[in-house]
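**Student:** With the sequence up front, the predicted model follows.
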Amino acid sequence: MSMIQAAERYAELEKSGLTIAQISARTGADEDVIRERLQLLSLTPEEQSAVKDNKLSYIQALRLCKHRRHEGRPHAGRGAITPTGANSGKP
């Protein structure tokens, strides 16, 4: 099961009314891991595919999610950080 698939499963459990603690107890996954996986669902479908295909690392994906949250952008959009570093600011 990929990290994205795990995130989708955790989201289903959360939508059914379970708390993160209950999901943890049911699945055996650490609560912090569950929270991190759920963050991955804020990525665009293309970014999620990149994570599934190992073109975007888990750490890069989490950093992207954190960056967007910090900017007040829950989802990808204009000015998104690319996994290859193409937005390095160099001409």
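**Tutor:** Good, I have the coordinates.

**Student:** And residue 24, how far from residue 68?
**Tutor:** 25 Å (CB to CB, to the nearest Å). All C-beta atoms are positioned from the backbone trio N, CA, C, and that covers glycine.

**Student:** tell me the contacts of residue 18?
**Tutor:** Residues in contact with residue 18 (CB atoms under 8 Å, 6 or more residues apart in numbering) are residue 26.

**Student:** Distance check, it against residue 8.
**Tutor:** 14 Å.

**Student:** Just give me the residue closest to the centre of the chain.
**Tutor:** residue 40 (1.1 Å; CA atoms, centre = their mean).

**Student:** dump the residue contacts of that residue.
**Tutor:** Applying CB under 8 Å, 6+ apart, the residues contacting residue 40 are 3, 4, 7, 48, 51, 61, 62, 65.

**Student:** Take those residues and keep only those in helices.
**Tutor:** 3, 4, 7, 48, 51, 61, 62, 65 (DSSP state H).

**Student:** Let me know whether the fourth one touches residue 2 as I believe.
**Tutor:** No: using CB atoms under 8 Å, residue 48 is not in contact with residue 2; the gap is 9.1 Å.

**Student:** With neighbour numbers in mind, choose between the two.
**Tutor:** residue 48 (21 against 14; other CB atoms under 10 Å).

**Student:** Tell me where the chain has helices.
**Tutor:** Using DSSP H, helices in the chain cover 3-15, 20-27, 31-39, 45-52, 58-70.

**Student:** And the third one, how far out from the chain middle?
**Tutor:** Relative to the chain's own centre, helix 31-39 is displaced by 8 Å; criterion: CA atoms, centre = their mean, to the nearest Å.

**Student:** So for that helix, what gets flagged as buried?
**Tutor:** Residues 34, 36, 37, 38, 39 are the ones in helix 31-39 that count as buried (16 or more other CB atoms under 10 Å).

**Student:** Please report how far the nearest residue to the third one once chain neighbours are set aside lies from residue 72.
**Tutor:** What that stands for is residue 37. Leaving out its chain neighbours, the residue that sits closest to residue 37 by CB to CB, 6 or more residues apart in numbering is residue 7, at 4.0 Å. Using CB to CB, residue 7 is found at 22 Å from residue 72.
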